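[1] Need a 3D model of the following:
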Amino acid sequence: MCFHEMLALARAGLSPRDYGEFCSVGYVSAVLEGANGKLYRGVNIDLACGLGFCAERSAAAAMLTDGEHIVRRIVCVGERGELMSPCGACREFLSLLAPENADAEFLVQETPLRTRTLRSLLPADWRQPAEKEGV
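    Numbers count the residues shown, from 1 in each chain. Down below sits the predicted model:
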């Protein structure tokens with residue numbers, strides 16, 4: 001499946017709804033492609049107390065439930081269907097699932113099509129020793 005098809009699926013997954021004053025879901029939608037070629041979809045869950053989670057992690061949970069942990073490609077859209085870059089927590093979450101996920105491609109621009117790897121979106125890796133200045 002190509003990025004344009006994944007983008008269409010992500011947009012189709014948008015279903016903004018509120019469940020009372022403390023819970024809203026579906027304002028953000030994500031589609032992940034696993035190394036197994038399967039697509040996994042997820043939506044955000046926003047709770048007033050901060051216990052909700054992002055669409056990317058929702059899709060990753062579906063992927064993990066299916067026994068996959070390596071991500072090839074990711075598309076995420078906001079409530080108007082615009083492309084979104086993953087937040088820092090999602091970047092870190094995905095990077096910790098598998099070292100190979102550093103090469104996962106995020107769609108960051110629709111026309112012309114442009115992607116960025118997860119590696120390029122992450123700051124210095126906390127698991128690596130810090131470089132010393134002037135050495």
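[2] What helix or strand is residue 25 located in?
    Element membership for residue 25 (DSSP states H and E) is strand 23-34.
[3] what's that strand packed up against?
    Strand 23-34 sits against helix 3-12, strand 17-18, strand 39-47, helix 55-65, strand 71-77, with contacts defined as 3 or more C-beta pairs under 8 Å, 6 or more residues apart in numbering; DSSP states H and E. Every residue, glycine included, has its C-beta placed from N, CA and C.
[4] Would you format those as CSV with distance to residue 97, mean pLDDT and mean neighbour count included?
    Output for these, formatted as CSV (distance: least, C-beta to C-beta, whole Å; pLDDT from 0 to 100; neighbours: other C-beta atoms under 10 Å):
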stretch, distance to residue 97, mean pLDDT, mean neighbour count
helix 3-12, 19, 97, 17
strand 17-18, 29, 97, 11
strand 39-47, 12, 97, 19
helix 55-65, 7, 98, 21
strand 71-77, 7, 98, 24
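[5] Which stretch among those approaches residue 114 most closely?
    Judged by C-beta to C-beta, the one of those that comes nearest to residue 114 is helix 3-12, at 9.8 Å.
[6] chain center to that closest one, what's the gap?
    13 Å (C-alpha atoms, centre = their mean, to the nearest Å).
[7] Not counting sequence-adjacent ones, nearest residue to residue 17?
    residue 26 (5.6 Å; C-beta to C-beta, 6 or more residues apart in numbering).
[8] Pretty sure residue 46 is one of the things that neighbour touches, is it not?
    No - in this structure residue 26 lies outside contact range of residue 46 using C-beta atoms under 8 Å: 9.7 Å.
[9] if I look at residue 59, how far off is residue 116?
    The gap separating residue 59 from residue 116 is 18 Å, by C-beta to C-beta, to the nearest Å.
[10] swap in residue 83?
    11 Å.
[11] Which residues are in contact with each of the two?
    Here residue 83 and residue 116 have residue 108 as joint contacts, going by C-beta atoms under 8 Å, 6 or more residues apart in numbering.
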